[in-house]
Each structure stands twice: as structure tokens, then as C-alpha cells.
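# coords please:
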Amino acid sequence: MKISFHGADKNVTGSCHLIDCAGKRILIDCGIYQGRHELTDENYQSFGFEPADIDFVLLTHAHLDHCGRIPLLAKRGFTGEIITTAASVELARLVMLDSAGLQEEEARYQAKKAKRRSDRKKHNTEPLYTILDALNSLEFFGRKAQYDKPLLITPGISATFIDAGHILGSSSILLELEEHGQQHRILFSGDLGYSGRAILRDPSPPPEVDTVVMETTYGDRLHKQLLPSIEELYEVINTTMNRGGNVIIPTFALERAQEILYYLREGVASKEIERNVNVFLDSPMAISATEIFERHPECFDSDTLKVSNDGDPFRLPNLHFTRETADSMAINQIDGGAIILAGSGMCTGGRVRHHLKHNLWNKKNSIVFVGFAAQGTLARQIVDGAKHIRLYGEEIQVRASIHTIGGFSAHADQAELLAWHSKTGKPQRTFLVHGEEDTMQIFSDKLHDTTVVIPDLHEVYTL
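Numbers count the residues shown, from 1 in each chain. The predicted model follows:
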């Protein structure tokens, strides 16, 4: 029995871990690298294993950094079975097709630039994968996992998906392995949610295991409390509206968009938002994700279920879904009084970049970051206090009010990560992944009664 690591090793993207047991090869996640160019270029490199040799992919959840290389895996020879929850199947389809469209668009852009500069060899001018590749990969989604019900993957290997409370359908995965009379229990945390948030249930307690592979995204800090974060959001909105500005919220399409809509609906209903503002969900992907959320109330917590019985937890007065490009462009004619939710959350692409171009320079406006901003992203530049940023070939002054509200994080903070790990018993080893290296070192010092390992890319360990 062996485990090897092929992504999210000393960084927060590209999750991909491989188990070898009982003559089978099982991949836990197959995510894309995001952020700095040196990371995104890694997507074009070898996986560190042969895709055709992989028998199963177990998907923890449908965020791009966990499922985004599945189309590439299939393109390079994978023909096995992909297993995940029903909600994750729907969301992964949405995410991978959107990613494929962006890959094709970026490839056309890079090819045009390279042609002008005659340096085609220096840049990737072919898409990582196409929409057709993404559609082909959907054929390999097979059995659907149900929470807390063991699933026999193959003789000697069973998997139990445990509610991770991160996004709709997200899971931690317990693998129970048997080979040559030896047994081993290994738990992959996936991405763990933050307790007490709206919409989803809190993460389920983990079982006791021999080995843990866990995320450390926020392993070095504590989040702001949720209630003060909601109040801060309402205050920023009211202050901005009163001075005649717009509020731009760079928003992840999965979970964060729906969570912000949920709290905006509550704020309008309770009159904590002072006026009935126009709200634009300017993201075709987030609109589709919201519709998927509405189809899966089995994932909701009790409070959200109660709201669902009386109406829709994600709809509020003067909410506009803007799928068409023309409608998105028209938003930028609004001089004040609008809340605009648009992707991407890290401002690495998507319509939010256009809204930043039109709003970032105006001190009447506010930019509100409600999610993680990885190093090397435009969001991180703005959060870190950049006075100017470059967008579409223009130098844009940062004059709008910048706010970072951490209480909305979909990731557990240090305290919750430690509490989760404490319930796994006294595992022989704990592998730390999905975090920046400095964060991992800080979190490592907090763990006791286990041997902590921070693996490098493509390292192999015997279980």
C-alpha cells in the first residue's frame, strides 16, 4: 500500500493524491493549478503517473482546484470510473465545461499574442483541454456516493463519503484498505467547511484512522466571527449606497455567491440593508450553480430548509440574473446604487475584471472580498494594498474603499482544523496539503500525537 502526492503540495491548488493498493490505483481529486504562471504552467506537465493506469477517481468536491484536470486526465488516457456525490456530479459538470471554455479562449488569446511577437514556442498556445474533452470526461462519472454509507470500490478497498460542509456535495473520504492481510484506514479531509454558516450542515465528525491527509488553507489564522461579518457587510453596503456608489463583490460561483445572496435576502427582509438596492448576479456559472443548489435541498441545514418551505433562500427583490454579455456590459453604465456579484473570486478572470476596471478608480465605490485570495492573483494585489493595478492594458488607480471580510470563508480556520483532527484518534502520520508552505509549518507545530509530513510534489510513501 502506497500513497503519492501530485498536487496541492506546499501550495493551495491542484489537489491530486494517488493510492496504490490491491493492484488498483485510486486518485483522490484531480484539480487544476491556479494563480501564479509558474503554477498554471504545471498543468501542462506530466501528472507524475500514467492516466491510463488509474482505475478510479474519488472526487471530494467540485471546486476547480479539485476537479479541474479531470478532462485532461481523460484526454491523456484515463478510462476508469469517477465516483462522487450526486450534487458534486452536477457542479463538476458545470465547473469543467466553464473551465474548458476559458482554456479555449485563453489559448486563442495567447496564440494571437505569440503570432504578433513571433515567439510561439515560448508560450502554451494550445488549450489544456477543450469543451469536447470536458464532455467526453463526463462519460466516466459512474456510481453516486451517499453520505456515511460505505461503498465497495473494488475487493479490498471501500470508501465512505463524509459530509465536509464546504460546498454543496462536498466530502471527506475514508478509505479502508486491505492488502496481503494488512489493513489500513486513511482519511482525506478534502476541503473542510466552517461551522455555523448558512445553507449547509456543519462538517460531520471524522472517524479514527491510521493516516490523515488534510488541508491547511487557513491553518495559520482564526476567522472573524460570522455575525460581525454579516453586520460589516451590511454596513459597507449602507455606507456605499448613501454616498452614491456601487459595491463590487468578487464572488466564487460555487457556495460563496449563494451564501451572499442568502444574507442579502435576510438583510433586505429585516431592513438591515437600508434601501431596496438592485443586486446583479453577473455570472452565468454562478446562476447555473444557484439553480443546482435549488435542486439539492437534501444538503441544506435545518434553517435553510425552513426558508425553502416558505420560498427561495437565494432570491430577493430587485435581484437580476445577467447571463448575456450585453446585459453584463450594461451594468457598467450604472453610476451608483448597485451591488454586483461577479466571478472570479480571485479576480484572475471573468466579468469581475470589467467591473473593477469601471469601478476601482472611483472613491464612491467599495470592493468587498469575501473569500481566499491566493498569492499571485489580482485579488491578492488589491487586498495587499496596491495603489495601481493593470487591467486590459490600462493602469487603473485603486481609489475605491477596499474591504476584506473573512467570516464568510468556506474553509475551516485553524481552531476548527485542529478540532477536526483531534477526533481522528492518534493517527500514525498526518500529511499536510492544500496550503501555503509557511502556513503548513505553523499548523504543523500545533499537531501532537502524530508524525507530521509535508510532502513535496510526486513524493511516494509506504502506508
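# helix, strand, or coil at Ser153?
Just to correct that, residue 153 is Ile rather than Ser. Three-state assignment for Ile153 (DSSP: H, G, I helix; E, B strand; the rest coil): strand.
# go ahead and confirm it touches Phe161.
No - contact criterion C-beta atoms under 8 Å: Ile153 and Phe161 do not qualify, at 11.4 Å. To be clear about C-beta, it is placed using only N, CA and C from the backbone, and glycine gets the same treatment.
# who has more neighbours, these two?
In terms of neighbours (other C-beta atoms under 10 Å), Phe161 is the more surrounded of Ile153 and Phe161; the figures are 28 against 22.
# and that one, which helix or strand is it part of?
For Phe161, the host element (DSSP states H and E) is strand 157-163.
# helices and strands around that strand, which ones?
With contacts taken as 3 or more C-beta pairs under 8 Å, 6 or more residues apart in numbering; DSSP states H and E, strand 157-163 sits against strand 81-85, strand 151-154, strand 171-179.
# quickly run through the sheet partners of the first one, with directions.
Strand 81-85 has its sheet partners listed here by DSSP bridges as strand 56-58 (parallel), strand 141-145 (parallel).
# neighbours of Asp327, how many?
Other residues close to Asp327 by other C-beta under 10 Å number 13.
# identify the residues contacting it.
Contacts for Asp327 were tallied using C-beta atoms under 8 Å, 6 or more residues apart in numbering; they are 282, 320.
# go on, Ser308?
Taking C-beta under 8 Å, 6+ apart as the test, what Ser308 contacts is 297, 300.
# how is the protein divided into domains?
With domains defined by automatic domain parsing, the chain comprises 2-221+410-462, 226-408.
# could I get those domains as JSON lines with mean pLDDT?
Listed next are the domains of the chain as JSON lines, based on pLDDT from 0 to 100:
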{"stretch": "domain 2-221+410-462", "mean pLDDT": "93"}
{"stretch": "domain 226-408", "mean pLDDT": "92"}
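# so where do the strands sit in the stretch 251-400 of the chain?
With DSSP state E, counting those that start in this stretch as the criterion, the stretch 251-400 of the chain has strands at 278-281, 319-321, 338-342, 366-369, 388-391, 394-397.
# and those strands, which is most packed in?
With neighbours defined as mean count of other C-beta atoms under 10 Å, the strands of the stretch 251-400 of the chain peak in mean count at strand 338-342, which reaches a mean of 26.
# for the residue nearest the centre of the chain, phi and psi?
Geometric centre of the chain, nearest residue: His63, 3.9 Å, by C-alpha atoms, centre = their mean. Taking degrees, to the nearest 10, you get phi -70, psi 150 for the backbone angles of His63.
# how far away is Gln441 from Thr240?
39 Å (C-beta to C-beta, to the nearest Å).
# who's more crowded, these two?
Neighbours were counted for Gln441 and for Thr240 using other C-beta under 10 Å; Thr240 has more, 26 against 17.
# which ones are touching Leu59?
29-30, 66-67, 70, 82-84, 88, 92.
# closest one of those residues to Leu192?
Nearest to Leu192 among those: His66, at 12.7 Å, using C-beta to C-beta.
# what helix or strand is Val213 on?
Here Val213 is assigned to strand 211-215, by DSSP H and E.
# what angle do that strand and strand 171-179 make?
Interaxial angle, strand 211-215 versus strand 171-179 (axes from the mean of the first three to the mean of the last three C-alpha atoms, to 10 degrees): 150 degrees.
# quickly run through the sheet partners of strand 211-215, with directions.
Strand 211-215 has the following strand partners under DSSP bridges: strand 182-188 (parallel), strand 429-433 (parallel).
# the next helix or strand after it packs against which elements?
Counting by DSSP H and E, the element after strand 211-215 in chain order, helix or strand, is helix 226-242. The helices and strands touching helix 226-242, judged by 3+ C-beta pairs under 8 Å, 6+ apart, are strand 247-250, helix 256-269, strand 366-369, strand 401-404.
# so for Met346, which of those sits nearest?
Nearest to Met346 among the helices and strands packed on helix 226-242 is strand 247-250 (7.3 Å), distances taken as C-beta to C-beta.
# separation between Pro150 and Leu175?
10 Å.
# who touches both of the two?
By C-beta under 8 Å, 6+ apart, Pro150 and Leu175 have these common neighbours: 158-159.
# between those two, point out the one with more neighbours.
Taking other C-beta under 10 Å, Pro150 and Leu175 do not tie; Leu175 has more neighbours (25 against 13).
# bridge partners for the closest residue to that one other than its chain neighbours, pull those for me.
Using C-beta to C-beta, 6 or more residues apart in numbering and skipping the chain neighbours, the partner closest in space to Leu175 is Ile186 (5.0 Å). The partner list for Ile186 in beta bridges (DSSP bridges) reads Leu175, Thr211.
# any idea how many residues pack against Ile186?
24.
# before we move on, what about Asp456?
8.
# any idea how far Val433 is from it?
11 Å.
# ok, the spatially closest residue to Asn318 that is not a sequence neighbour - contacts?
Sequence neighbours aside, Asn278 is the residue nearest to Asn318 in space, at 4.9 Å (criterion: C-beta to C-beta, 6+ apart). Contact partners of Asn278, counting by C-beta under 8 Å, 6+ apart, are 318, 320, 334, 337-339.
# what about 7 Å?
318, 320, 337-338 (C-beta atoms under 7 Å, 6 or more residues apart in numbering).
# what does Arg185 give?
174, 176, 209-210.
# in TSV, list these along with neighbour count.
Below are these laid out as TSV (neighbours: other C-beta atoms under 10 Å):
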residue	neighbour count
Leu174	19
Glu176	18
Val209	21
Asp210	17
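# just the closest of these to Ser302, please.
Closest approach to Ser302 among the contacts of Arg185 (C-beta to C-beta): Leu174, at 25.3 Å.
# the residue nearest to the closest one when sequence neighbours are not counted and Glu178, how far apart?
Spatial nearest neighbour of Leu174, chain neighbours left out: Thr160 (4.3 Å); criterion: C-beta to C-beta, 6+ apart. With distances taken as C-beta to C-beta, Thr160 is found 15 Å from Glu178.
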